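model this:
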Amino acid sequence: MSKSEEQRIRLQDEFDQIQSENSEFDISLHLAKPEDLPDLGEIEIYDYDADLTVATQQSMDVLESLVDLYLSDIPKLKEHSYIRNKMREDAMVYAEAIFLSKMTRKNFLSQLRQVDNGDNAARMHEVVNQTIGQIRENGKFLSNQRTELEKFYKTLRKDLGYNEIENPEVKQAEAESQADNTSSDGLVTNNRDLNEMIKNAMSKKDEK
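A predicted model of the protein is given here:
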């Protein structure tokens with residue numbers, strides 16, 4: 001008989017002996033009963049999928065409004081397969097950024113609760129400060145992402161010869177802005193003239 005076989009038989013004999021010696025051992029007597037445990041309250045399982053769905057919808061709303069702003073007057077281009085596919089891909093990237101931003105904020109709140117519960121270790125405060133920095137970075141990334149998307153559609157319009165946004169809402173806003181800058185005698189006042197008028201009025205006030 002080989003040494004490995006002898007070792008196996010020896011271990012098996014020891015295992016059988018342990019089982020026979022503890023055959024009457026009732027482990028349930030040594031376990032805590034439910035009524036002996038503290039009330040931990042209802043455990044809430046966070047629904048990450050639902051949060052990701054909300055982030056995706058928010059992202060699609062942003063991208064659809066952006067495309068509508070710059071391409072609403074060019075229906076054929078707005079509905080082009082490339083534009084539609086790009087909008088969906090950009091929305092996915094933007095949605096992930098929104099989701100990560102929410103998760104970072106959720107993690108930050110958990111860290112603050114730990115500190116409130118007495119975890120005042122130097123390492124804990126270091127982690128909190130790092131998370132604050134990450135929250136700022138997330139905000140910068142989202143802002144830069146929107147800026148890059150706006151640049152893309154502005155450049156696209158320019159390359160196609162559409163230099164001005166033919167959007168009724170934008171036109172109305174421009175008209176209202178122009179009306180606000182119109183003086184009482186019907187003359188349009190630009191920003192430079194308006195500044196000059198304010199400067200002259202202040203000068204007259206000082207002379208008095």
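
For Asp90, which non-adjacent residue is closest in space?
On the basis of CB to CB, 6 or more residues apart in numbering, the spatially nearest residue to Asp90 that is not a chain neighbour turns out to be Leu63, at 5.7 Å. In this view, the C-beta of every residue, glycine as well, is placed from N, C-alpha and C.

didn't the one you found look like it was pressed against Ala91?
Yes - in terms of CB atoms under 8 Å, Leu63 counts as a neighbour of Ala91; the distance is 4.6 Å.

Show the average pLDDT along the helix or strand hosting Glu148.
Element membership of Glu148 [criterion: DSSP states H and E] is helix 122-159. Averaging pLDDT along helix 122-159 yields 90.

Name the next helix or strand downstream of the helix or strand where the residue nearest to Asp90 lies, please.
Secondary structure here is read from DSSP H and E; on that basis Leu63 sits in helix 48-71. Downstream of helix 48-71, the first helix or strand assigned by DSSP H and E is helix 75-78.

Pull out the buried residues from that following helix.
Neighbour-count burial for helix 75-78 flags Leu77 (criterion: 16 or more other CB atoms under 10 Å).

sorry, back to before: the helix holding Leu63 vs helix 122-159, what angle?
Calculated by axes from the mean of the first three to the mean of the last three CA atoms, to 10 degrees, helix 48-71 forms an angle of 30 degrees with helix 122-159.

if we can go back for a sec, against Asp116, how distant is the residue nearest to Asp90?
Distance, Leu63 to Asp116, using CB to CB, to the nearest Å: 39 Å.

And the two? Which one has more around it.
Taking neighbours as other CB atoms under 10 Å, Leu63 and Asp116 compare with Leu63 leading, 22 against 9.

Now do the contacts for the more buried one.
Residues near Leu63 by CB atoms under 8 Å, 6 or more residues apart in numbering: 87, 90-91, 94, 149.

Now intersect those with the helices, please.
Among these, the residues falling in helices (DSSP state H) are 87, 90-91, 94, 149.

Those into JSON lines, with extra columns for distance to Val54 and neighbour count?
JSON lines is the format used below for the ones in helices among the contacts of Leu63 (distance: CB to CB, whole Å; neighbours: other CB atoms under 10 Å):
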{"residue": "Met87", "distance to Val54": "19", "neighbour count": "18"}
{"residue": "Asp90", "distance to Val54": "18", "neighbour count": "20"}
{"residue": "Ala91", "distance to Val54": "13", "neighbour count": "22"}
{"residue": "Tyr94", "distance to Val54": "13", "neighbour count": "22"}
{"residue": "Leu149", "distance to Val54": "20", "neighbour count": "21"}
